[in-house]
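Undergrad: Build me a model:
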Amino acid sequence: MRVLLLTYGSRGDVEPMVGLAVSLRELGAEVRVCAPPDFAELLDGSGLPLVPLGRSVREMASGAVTGKEPLPAAGLPQRAAQMVAATYGSVAAVAEGCDAVVATGLIPAAAAARSVAEKLGIPYVFVAYFPTYLPSPHHPPLAWTRPLPPEVTDNRVLWDLNTEDMNALFGEAINGHRASIGLPPVDNVRDHVFTDQPWLAADPALGPWLQPADLDVVQTGAWIRPDGRPLPADLEAFLDTGAPPVYVGFGSMPMRAAQDVARAAIEAVRAHGRRALVSRGWAGLALTDDRDDCFAVGEVNQQALFGRVAAVVHHGGAGTTTTAARAGAPQVVVPQIADQPYWAARVAELGIGAAHDGPTPTTESLSAALRTALAPETGARARAVAGTVRTDGATVAARLLLETVSRERPPVSA
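TA: Numbers count the residues shown, from 1 in each chain. As a prediction, the model looks like this:
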């Protein structure tokens, strides 16, 4: 059996797919992964060849933050048309012989993946990594290109407006491409991409799907990539020479005034008498002086690291939130975009950390949040919740996918 996995997004979009790929391979499936070229090394570390899609996500994200390459809403339909066509071309070239397609990430890329599946007559699955990405009466949609109208409080009405927005932004691009390859048009772009039974790869304790709901969502648990890499020797030495430090990192988030953020974080950590461990990430955070109570790292095994820190200050990506929760590490979430405010709120609601108010921390605001995260009762709660976090989500999803393919395959005639 051969499965094609596709995502176009940041590391937080790609790493769960790697987790699913590893589980599928363990069950005997052959896997092909289509993702941005930034993540060739990540896939290579798991023995998975990368089928590169599009431009570097890091370059585009950095350009948007610095203003060198702004992404105005007015240009989105044209960009969507280019992405649909380019993604379809890349995916169709390697999908021959595949038995299923699993997709996530940007709507135009996922739409192209579904078109490939339709042309091949094979199952297509869309996966979300957080509940609020999917339509529900329990929460509003994300405000992607314009603020939600403050006078509208009915979530169902807001999701109807979201349908209109998605059709306006992507409908012409997606339907124009579908016509070019002999497929019929779709009336509702979002529902076409999501399907009526999307999967939710989020931990049920951390990010539950609430009932009643309009969609038949399949929640598998988070897809965690197994990571057996040892920590670097110099990091081990830093960890061993004092009390557990506070980790500060913002993953794949480029940030304006990154050094101001680093300075505020280090000062806040020091105000609590703690050492700081700063992850450079895509923001390029750096140390502010040469004192020995701070240490900077690049990309490391967070699964091995987070159980050895006093707290984790981060942006609130689904993967980082889950990894910290699984390790029992108290968290301070400083949300920047997309799903991150959701995860910040969940961390606070669960009592396993603090949600920072807004994306730009100061020494005072981070110090206040750390006061909550470093409190003994928060640590105790974080350790208790850690015991409820599932680690088998990728295996559950892999088995379900193989069962789905087997069920939908036509019987072999004698």
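Undergrad: What's the separation between the residue lying closest to residue 302 once chain neighbours are set aside and residue 109?
TA: Distances taken as CB to CB, 6 or more residues apart in numbering place residue 323 nearest to residue 302, at 4.9 Å, with adjacent residues excluded. Using the backbone N, CA and C atoms, a C-beta is placed for each residue, glycine as well. Distance of residue 323 to residue 109, computed by CB to CB, to the nearest Å: 25 Å.
Undergrad: which of the two has more neighbours?
TA: Higher neighbour count among residue 323 and residue 109: residue 109, with 28 against 25, using other CB atoms under 10 Å.
Undergrad: contacting residues for the more buried one?
TA: Taking CB atoms under 8 Å, 6 or more residues apart in numbering as the criterion, residue 109 is in contact with 6-8, 53-54, 83-84, 87, 103.
Undergrad: If we use 6 Å, what do you get?
TA: 8, 83, 87 (CB atoms under 6 Å, 6 or more residues apart in numbering).
Undergrad: which regions of the stretch 51-200 of the chain sit below the pLDDT cut-off?
TA: For the stretch 51-200 of the chain, applying pLDDT under 70 flags the ranges 61-74.
Undergrad: where exactly do the strands run in it?
TA: 100-105, 124-128, 199-200 (DSSP state E, counting those that start in this stretch).
Undergrad: Which of the ones you listed sits closest to residue 390?
TA: Closest approach to residue 390 among the strands of the stretch 51-200 of the chain (CB to CB): strand 199-200, 12.5 Å.
Undergrad: Tell me the strands beside that closest one, with direction?
TA: In the sheet, strand 199-200 lines up against strand 124-128 (parallel), strand 218-219 (parallel) (DSSP bridges).
Undergrad: quick check: angle from the longest one to strand 100-105?
TA: Here strand 124-128 runs at an angle of 30 degrees relative to strand 100-105 (axes from the mean of the first three to the mean of the last three CA atoms, to 10 degrees).
Undergrad: Send over strand 124-128 as PDB, restricted to the C-alpha atoms.
TA: The C-alpha coordinates for strand 124-128 follow below in PDB (Å, rounded to 0.1, in the frame of the first residue of the first chain):
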ATOM      1  CA  TYR A 124      -8.800  11.800   0.400                       C
ATOM      2  CA  VAL A 125      -8.500  12.800   4.000                       C
ATOM      3  CA  PHE A 126      -8.100  16.400   5.300                       C
ATOM      4  CA  VAL A 127      -6.600  16.800   8.800                       C
ATOM      5  CA  ALA A 128      -6.600  19.800  11.100                       C
END
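Undergrad: All the helices of the stretch 1-150 of the chain, residue numbers only.
TA: Along the stretch 1-150 of the chain, the stretches classed as helices by DSSP state H, counting those that start in this stretch are 11-26, 40-44, 57-66, 76-95, 107-120.
Undergrad: who wins for proximity to residue 348 among these?
TA: Of the helices of the stretch 1-150 of the chain, nearest to residue 348 by CB to CB is helix 11-26, at 20.2 Å.
Undergrad: tell me what that closest one is packed against?
TA: Helix 11-26 is packed against strand 2-8, strand 30-35, helix 393-408, with contacts defined by 3 or more CB pairs under 6 Å, 6 or more residues apart in numbering; DSSP states H and E.
Undergrad: One more pass at 8 Å, please.
TA: Secondary-structure packing of helix 11-26 (3 or more CB pairs under 8 Å, 6 or more residues apart in numbering; DSSP states H and E): strand 2-8, strand 30-35, helix 40-44, strand 100-105, helix 318-327, helix 393-408.
Undergrad: Name the spans of the stretch 201-350 of the chain whose pLDDT lies under the cut-off.
TA: For the stretch 201-350 of the chain, no range has pLDDT under 70.
Undergrad: Which stretches in it count as strands?
TA: 218-219, 246-248, 276-279, 294-297, 311-314, 331-333.
Undergrad: which residues make contact with the shortest one from outside it?
TA: Spelled out, that is strand 218-219. Strand 218-219 is contacted from outside by 197-200, 202, 204, 208-209, 400, using CB under 8 Å, 6+ apart.
Undergrad: now the second one
TA: With CB under 8 Å, 6+ apart as the test, strand 246-248 has contacts from 262, 265-266, 269, 272, 274-279, 285, 305-306, 309-314, 329, 370, 374.
Undergrad: sorry, back to before: out of the helices of the stretch 1-150 of the chain, which comes closest to residue 357?
TA: helix 57-66 (20.8 Å).
Undergrad: Tell me who's in contact with residue 178.
TA: By CB under 8 Å, 6+ apart, the residues touching residue 178 are 115, 184-186.
Undergrad: Show me which of the residues you listed are buried.
TA: Buried by 16 or more other CB atoms under 10 Å: 115, 186, out of the contacts of residue 178.
Undergrad: Sitting in helices, which of the contacts of residue 178 do you find?
TA: Members of the contacts of residue 178 lying in helices (criterion: DSSP state H): residue 115.
Undergrad: nearest to residue 296, of the contacts of residue 178?
TA: residue 115 (44.2 Å).
Undergrad: any idea how far the closest one lies from residue 369?
TA: On the measure of CB to CB, residue 115 and residue 369 end up 45 Å apart.
Undergrad: give the contact list for residue 214.
TA: The contact partners of residue 214, by CB under 8 Å, 6+ apart, come to 135-137.
Undergrad: so which of these is the most crowded?
TA: For the contacts of residue 214, counting by other CB under 10 Å, the largest number of neighbours falls to residue 135: 23 neighbours.
Undergrad: which ones are touching that residue?
TA: 141, 159, 162, 190-191, 194, 214-215.
Undergrad: Of these, just the buried ones, PyMOL syntax please.
TA: What follows is the PyMOL syntax for the buried subset of the contacts of residue 135, where burial is set by 16+ other CB under 10 Å:
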select buried, resi 141+159+162+190+194+215
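Undergrad: With respect to residue 43, which of the contacts of residue 135 is nearest?
TA: With CB to CB as the yardstick, the closest approach to residue 43 among the contacts of residue 135 comes from residue 194, at 25.5 Å.
Undergrad: these two touch, right, residue 254 and residue 283?
TA: Yes - shown here, residue 254 and residue 283 form a contact pair, counting by CB atoms under 8 Å, at 5.8 Å.
Undergrad: who's more crowded, the two?
TA: Between residue 254 and residue 283, counting by other CB under 10 Å, residue 283 is the more crowded of the two (24 against 20).
Undergrad: State the distance from the more buried one to residue 150.
TA: 31 Å.
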